[in-house]
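Student: Build me a model:
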Amino acid sequence: MSDSMTILLAASLTIIGAATPLLFAALGELITERSGVLNLGVEGMMLIGAVSAFAGALITGNTYIGVLCGAFAGMLMALLHGYLTLTLMTNQVATGLSITIFGVGLSALIGLEFVGVTVEPLSNLPVPLLSEIPFFGTLLFDHNLLVYLSVALVFGLSFFIFKTRGGLILRAVGDSPESSHALGYPVIKIRYMALMFGGLMAGLGGAYLSLIYTPMWSENMTAGRGWVALALVVFATWKPWRVLLGAYMFGGVTILQ
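Tutor: Residues are numbered from 1 along each chain as shown. Predicted coordinates for the structure are as follows:
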């Protein structure tokens, strides 16, 4: 492989790494907003997911358990957001901002003893035979589990939203909650589930940052990625395929910067 191709491959792999946490967070927020809930707490959920994933991996010695800890922590934060906005009927914008501020502070407190500590990053899972193809094999078929999962979720969520009855109900709840309630659909329950899925995805995005992208913990390591994910959803007009495109575009811009 020539030097120019090697440089191009290295840059492409770096862009994939920068785009993956954005993709996770944005796909989760897409589902949340499709249900009619605005979650401005994505940044805080990503931070809590990042520190929980790092702590879980460090304590257990298993990176995959760390990933699960990050996803679960993000889901718990989303559950708190749901309780405040859907049960207590607080303002969604103010509550989301509060969740972000809370997440920034709590993650800094939890991660105080982890600063400067490193963990073994999640290893790659090359696809047999396909990963041996020059250039494209490494580019497309030699990644860790979370990269494969992020792309698979684009396919899965596209099918779910536009091709299944559950997706139709989700869109109906977001577009017209009164009509959905009149038809007998549990609007609050559906919104809780969508919000918790969004939190889980934000937690996975945070876990990717602390366990793969930079396998260490540092305070406020998301560096505004939660806000970028929110912008990506609007940029993509609430369509998963456009979220994929936008995430990789923003990842490229980040690397160029």
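
Student: what's the offset of stretch 23-31 from the middle of its chain?
Tutor: 6 Å (C-alpha atoms, centre = their mean, to the nearest Å).

Student: Then stretch 108-122?
Tutor: The answer for stretch 108-122 is 20 Å, by C-alpha atoms, centre = their mean.

Student: buried stuff in it?
Tutor: For stretch 108-122, the neighbour count (16 or more other C-beta atoms under 10 Å) marks 108, 110-111, 114, 119, 121-122 as buried. Yep, even glycine has a C-beta here, placed from its N, CA and C like the rest.

Student: Which member of the residues you listed is positioned nearest A231?
Tutor: Taking C-beta to C-beta as the measure, A231 lies nearest A108 of the buried residues of stretch 108-122, at 24.3 Å.

Student: That closest one against M221, yeah?
Tutor: No - assessed by C-beta atoms under 8 Å, A108 is found out of contact with M221, at 10.3 Å.

Student: what about the stretch 151-257 of the chain, any weak spots by pLDDT?
Tutor: Along the stretch 151-257 of the chain, the parts satisfying pLDDT under 70 run over 257.

Student: Report pLDDT for M1.
Tutor: On the pLDDT scale, M1 is placed at 59.

Student: Likewise for the one 5 residues further on?
Tutor: Per-residue confidence for T6 comes out at a pLDDT of 86.

Student: what about L68, neighbour count?
Tutor: When neighbours are defined as other C-beta atoms under 10 Å, L68 has 18 of them.

Student: residues in contact with it?
Tutor: Shown in contact with L68 (C-beta atoms under 8 Å, 6 or more residues apart in numbering): G56.

Student: how far does the helix or strand containing it sit from the chain's center?
Tutor: Using DSSP states H and E, L68 sits in helix 63-82. Averaging C-alpha positions (C-alpha atoms, centre = their mean) puts helix 63-82 11 Å from its chain's average.

Student: in the helix or strand just after it, what's buried?
Tutor: Note on helix 63-82: by DSSP H and E, the next helix or strand toward the C-terminus is helix 92-110. Of the residues in helix 92-110, 92, 95-96, 98-100, 102-104, 106-108, 110 count as buried by neighbour count, 16+ other C-beta under 10 Å.

Student: and helix 92-110, what other elements does it pack with?
Tutor: helix 42-60, helix 63-82 (3 or more C-beta pairs under 8 Å, 6 or more residues apart in numbering; DSSP states H and E).

Student: Need the winner for burial among the ones you listed.
Tutor: Per residue and on average, the most neighbours among the helices and strands packed on helix 92-110 fall to helix 42-60, with a mean of 28 (mean count of other C-beta atoms under 10 Å).

Student: how big is the angle separating that helix from helix 63-82?
Tutor: 140 degrees (axes from the mean of the first three to the mean of the last three C-alpha atoms, to 10 degrees).

Student: Helix 42-60 - contacts with which helices or strands?
Tutor: Using 3+ C-beta pairs under 8 Å, 6+ apart, helix 42-60 sits against helix 3-34, helix 63-82, helix 92-110, helix 187-208, helix 225-235.

Student: Export those helices as a markdown table, with columns for distance to G156.
Tutor: Output for the helices and strands packed on helix 42-60, formatted as a markdown table (distance: least, C-beta to C-beta, whole Å):
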| stretch | distance to G156 |
| --- | --- |
| helix 3-34 | 10 |
| helix 63-82 | 16 |
| helix 92-110 | 26 |
| helix 187-208 | 12 |
| helix 225-235 | 17 |
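
Student: quick one: which of those is nearest F159?
Tutor: helix 3-34 (13.1 Å).

Student: Give me the buried positions along that closest one.
Tutor: For helix 3-34, a neighbour-count test (16+ other C-beta under 10 Å) marks 9, 12, 15-34 as buried.

Student: other SSEs contacting it?
Tutor: Applying 3+ C-beta pairs under 8 Å, 6+ apart, we find helix 3-34 packed against helix 42-60, helix 136-141, helix 145-163, helix 165-175, helix 187-208, helix 225-235, helix 240-256.
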